[in-house]
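Student: I'd like to go over a predicted model; first the sequence, then the structure.
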Amino acid sequence: MSISYHFFSIGFALFSNMTEAPPLPQAIDLVHVQIQDRKELARLRQSATDLDVNSRTLQQGIAIIYANDIEQARLKRLGFNLRVMIENLSDYYAKRATKNVRQAATGSMGGFRTFAEIEQTLNHLANRFPHIVSQPFSIGQSDEGRNIWAIRLSDNPNSYEPSEPTAWFDALHHAREVMSGESLLLFADWLATSYSTDQTVARLIDSRNILLIPCVNPDGYEYNRQQHPNGGGMWRKNRRPYGDGKSYGVDLNRNYGWEFRYEINDLTSNNYQGIAPFSENETAAIRDLLVQQTPTMSVSVHTYGNEWMYPWGYTDLTTPDDPIFSHYASQMVDTNGYIADTAWNLYGTTRGASDDYHYGMHHSLAFTVEIGSFNDGFWPNPSRIPTLFQAVQPGYRMVTQWAGAWVDILSPIWTEVQGNQDEWFDAGEVWRLSLRLKNEGVLPLDAKISVSSKTPNMTIEGEPFTVSLASRQTGVSQSLDIHFAEGMNSEMSHLLEIALNYEGTISYEPLKVWLGEPRSTDLPILTVWGKVEPGALVRIFIEGAAQLPVEVFWSLESGSAQELPGIEGAVYLAGEIHPLLSHMTDNKGQISWLLQLPEETALSGKTVYLQALLDREGKPIVSRLAIVHFE
């Protein structure tokens, strides 16, 4: 089936005249079931319609189920020992949200976005950032006729570019797992807003197809809104009707065609897999898009469990690429403390899951993320939205980076060629530089690399060179000789600029050089690159601590260093002080701006002094002084 792309001309109004919602189902409780052994757990799997089992179930002797009073009574008759932990879980979630809905809430449904608000968010991103965010396009329609929307972030966003690797993200296979879709919308917003200030993000968008599908299951998601408009809806499946007036839905994450098996014939089970693989419009749409825009790496987002898992889920056997999956997953969970393992080890047999299909059919390195803890549940406290997103954002960024080739510059190798042999850089010396490089991406790297200096105080002897590295391979570059001029200033840092040209994109990495014995201070560094003259483009570069607000100020005067109470570092600016720029450092503690100097400037021939102020949780810290001379 070919996929037609319907741009965002058809809105949520299509469904405004739907028939009256069905009556509210019986309240669902969160229930603990005591489990003695694997045999009893297997019996519970066959008996419970909504069971949450992971690798810790047998260790703790407790399985979690979500069940109404009728279901609980049936399980008690079967001999299971039950204990209700939270009555009416939907009401519990809604009340919790009401108390905190103003804290970090992004939407009107228990602090989370409705399906209509998801559409509005996608449209807003496309209109605000049309040069890097596509218009929302439909990859297919749900059983009830709703569009399954996707967006692409790229330097050519409205066209799929097969030459660029695709990083795939989808969410809300399960309608009650609201933080999954929320995290993708926040990730899209972070990418788009960081594009102009974060060189890493700029390279990602310029060299990737970043595909996001924030709601695979719009019917189930909208049903939760209809039944519980204030949040807390517990519906999981899609809304396929079965004609008896009471049975609905297929578990979309059991309906994919890799090792699918028709094992559950109870239509009321929340794990009901459907009568055949891809029997559902939603999974068929994903299947067809995968053929057209096959990712090298993908993430399917769910909640909850604080887990980052990978194939296989249908068997306890490991994949041929298990060491590669483990290599990448271990780095992702190093940032948030999640558990990384195969889906089978974490949850037991899960047939028909999307990550098995991505990997088995297309050899995509596919991961499934479970956001949040037991206390967060399916509808976290809205105040937790930023924290939960920050826990997975580094992993999302890594997947996007590693979907193609990706250069990491490791520690440089310096060899003194001419100098006093005291192991420190000094004015008048010559040092030989080689770069240790690693390609952490899944595709081979062919890069052209050059090193330059924006100041005449350092000159470079040697030509640009090429580097070829296989996936996950480390190598050492050719060497260049760096000449440090006599009389270079030892009171400030000097920066070399490393230009990395690969996958059709050039990005730049700084290499800091201190003259004399290395400083023990951790004060941030402020540097200006480029020729400072009217009409020129210069780059302001700051290196400090990660994820801190930063402001840059300038003045035509500087005074002696002043130690001011409550400020770490010495203040040099004097006279009339002007704000220049403000933003946030990235995950490496760095940030850079391109600054267009005016064609006509009264600063010609003058010296300007600059200093950066970083806010470290209310404790200001200032950089060393940067001095620039206008020509």
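Tutor: Sure thing, it's come through. Numbering: from 1, shown residues only.
Student: Might you list the low-confidence residue ranges for the stretch 51-200 of the chain?
Tutor: Counting by pLDDT under 70, the ranges of the stretch 51-200 of the chain that qualify are 55, 101, 103.
Student: got the residue ranges for the helices in it?
Tutor: Under the criterion DSSP state H, counting those that start in this stretch, the stretch 51-200 of the chain contains helices at 57-60, 69-77, 89-100, 115-128, 178-194, 199-207.
Student: May I see those helices organised as a markdown table, with distance to Gly504 added?
Tutor: Heads up, the C-betas are built off the backbone N, CA and C, glycines and all. Listed next are the helices of the stretch 51-200 of the chain as a markdown table, based on distance: least, C-beta to C-beta, whole Å:
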| stretch | distance to Gly504 |
| --- | --- |
| helix 57-60 | 48 |
| helix 69-77 | 56 |
| helix 89-100 | 45 |
| helix 115-128 | 23 |
| helix 178-194 | 18 |
| helix 199-207 | 6 |
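Student: Which of those helices sits closest to Leu346?
Tutor: Closest approach to Leu346 among the helices of the stretch 51-200 of the chain is made by helix 57-60 (10.4 Å; C-beta to C-beta).
Student: who touches the closest one?
Tutor: Ile35, Asp37, Arg38, Leu41, Ala63 (C-beta atoms under 8 Å, 6 or more residues apart in numbering).
Student: Repeat that for stretch 578-593.
Tutor: 194, 197-200, 394, 397, 510, 524, 539-555, 595, 610, 614.
Student: Tell me which of the residues you listed fall in helices.
Tutor: Secondary structure defined by DSSP state H assigns Ser194, Gln199, Thr200, Pro394, Arg397 of these to helices.
Student: and the residue nearest to Asp189 when sequence neighbours are not counted, how many neighbours?
Tutor: In space, and not counting its chain neighbours, Asp189 is closest to Leu125: 6.6 Å by C-beta to C-beta, 6 or more residues apart in numbering. Neighbours of Leu125 under the rule other C-beta atoms under 10 Å: 24.
Student: list the contacts for Leu125?
Tutor: The contact partners of Leu125, taken as C-beta under 8 Å, 6+ apart, are Val133, Ile151, Ala188, Asp189, Ala192.
Student: quick one: which of the residues you listed is nearest to Lys76?
Tutor: Ala188 (46.2 Å).
Student: Quick check: that closest one vs Tyr195, distance?
Tutor: Look at Ala188 and Tyr195: by C-beta to C-beta, to the nearest Å, they are 11 Å apart.
Student: now do Leu58
Tutor: 47 Å.
Student: Got the domain ranges for this structure?
Tutor: 12-18+90-400, 29-87, 405-519, 521-631 (automatic domain parsing).
Student: Can you tell me which of the ones you listed is most buried?
Tutor: Ranked by mean neighbour count, the domains of the chain are led by domain 12-18+90-400 with a mean of 21 (mean count of other C-beta atoms under 10 Å).
Student: Could you check how far that one is from the centre of its chain?
Tutor: On the basis of C-alpha atoms, centre = their mean, to the nearest Å, the separation between the geometric centre of domain 12-18+90-400 and that of its chain is 12 Å.
Student: In contact with the nearest residue to Ile324 once chain neighbours are set aside, which residues?
Tutor: Excluding the flanking residues, the one nearest Ile324 by C-beta to C-beta, 6+ apart is Leu365, at 6.8 Å. Leu365 is in contact with Thr296, Met297, Ser298, Tyr310, Asp321, Ile324, Phe325, Tyr328, Tyr359, Val442, counting by C-beta under 8 Å, 6+ apart.
Student: repeat that with 7 Å
Tutor: For Leu365, the contact set (C-beta atoms under 7 Å, 6 or more residues apart in numbering) comprises Thr296, Met297, Ile324, Phe325, Tyr328, Tyr359, Val442.
Student: Equivalent analysis for Gly605, please.
Tutor: With contact set as C-beta under 7 Å, 6+ apart, Gly605 has these partners: Phe630.
Student: Okay, it and Ser247: tell me how far apart.
Tutor: 82 Å.
Student: Check Arg83 too.
Tutor: Plainly put, Arg83 is 28 Å away from Ser247 if you go by C-beta to C-beta.
Student: cool, and Gly475?
Tutor: On the measure of C-beta to C-beta, Gly475 and Ser247 end up 59 Å apart.
Student: Also Leu556?
Tutor: Distance of Leu556 to Ser247, computed by C-beta to C-beta: 77 Å.
Student: again with Ile148
Tutor: 23 Å.
Student: and if you look at Glu617?
Tutor: 54 Å.
Student: that's a helix at His32, yeah?
Tutor: No: counting by DSSP: H, G, I helix; E, B strand; the rest coil, one finds His32 to be strand, located in no helix.
Student: My guess is it contacts Tyr66. True?
Tutor: No: using C-beta atoms under 7 Å, His32 makes no contact with Tyr66, being 11.3 Å away.
Student: what residue ranges in this structure score low on pLDDT?
Tutor: In the chain (pLDDT under 70), the answer is 1-25, 55, 101, 103, 491-493, 517-522, 530, 600.
Student: which ones are touching the residue nearest in space to the middle of it?
Tutor: For the chain, the residue nearest the mean C-alpha position is Tyr396 (2.7 Å; C-alpha atoms, centre = their mean). By C-beta under 7 Å, 6+ apart, Tyr396 lies in contact with Phe169, Phe187, Val299.
Student: ok, of these, which one's closest to Arg102?
Tutor: Phe187 (23.2 Å).
Student: distance of that closest one from Ile371?
Tutor: Shown here: Phe187 relative to Ile371, a distance of 12 Å by C-beta to C-beta.
Student: Equivalent analysis for Asp586, please.
Tutor: For Asp586, the distance to Ile371 equals 22 Å [C-beta to C-beta].
Student: Ok, Ser180 next?
Tutor: 6 Å.
Student: Which residues are in contact with each of these two?
Tutor: Residues touching both Ser180 and Ile371 (C-beta under 7 Å, 6+ apart): Val301, Thr303.
Student: rewinding a little: please identify which pair of the contacts of Leu125 lies farthest apart.
Tutor: The span of the contacts of Leu125, defined through C-beta to C-beta, is set by Ile151 and Asp189 at 11.1 Å.
Student: Quick check: phi and psi on the residue nearest to Gln562 when sequence neighbours are not counted?
Tutor: In this structure, Gln562 finds its nearest non-sequential neighbour in Val571, 4.6 Å apart by C-beta to C-beta, 6+ apart. The phi/psi pair for Val571 (degrees, to the nearest 10) reads phi -100, psi 130.
Student: just checking, Val571 touches Leu564?
Tutor: Yes: using C-beta under 7 Å, Val571 makes contact with Leu564 at a distance of 5.5 Å.
Student: which stretch of helix or strand covers the residue located most distally from the centre of the chain?
Tutor: Largest separation from the mean C-alpha position in the chain: Asn420, at 47.6 Å (C-alpha atoms, centre = their mean). Following DSSP states H and E, one finds Asn420 outside all helices and strands.
Student: The nearest residue to it once chain neighbours are set aside: what's it in contact with?
Tutor: In space, and not counting its chain neighbours, Asn420 is closest to Asp426: 6.4 Å by C-beta to C-beta, 6+ apart. Asp426 sits next to Gly419, Asn420, Phe484, Leu515, Gly516 when contact means C-beta under 7 Å, 6+ apart.
Student: what do you get for Pro464?
Tutor: Pro464 neighbours (C-beta under 7 Å, 6+ apart): Lys448, Ile449, Ser450.
Student: mind running it again at 6 Å?
Tutor: Applying C-beta atoms under 6 Å, 6 or more residues apart in numbering, we find Pro464 in contact with Lys448, Ser450.
Student: Ser180 too?
Tutor: Applying C-beta under 6 Å, 6+ apart, we find Ser180 in contact with Ala171, Leu172, Val301, His302, Thr303.
Student: Point out the other helices and strands that the helix or strand hosting the fourth one packs with.
Tutor: Taking DSSP H and E as the criterion, the element that holds His302 is strand 297-303. Counting by 3 or more C-beta pairs under 6 Å, 6 or more residues apart in numbering; DSSP states H and E, the packing neighbours recorded for strand 297-303 are strand 166-171, helix 178-194, helix 354-362, strand 365-371.
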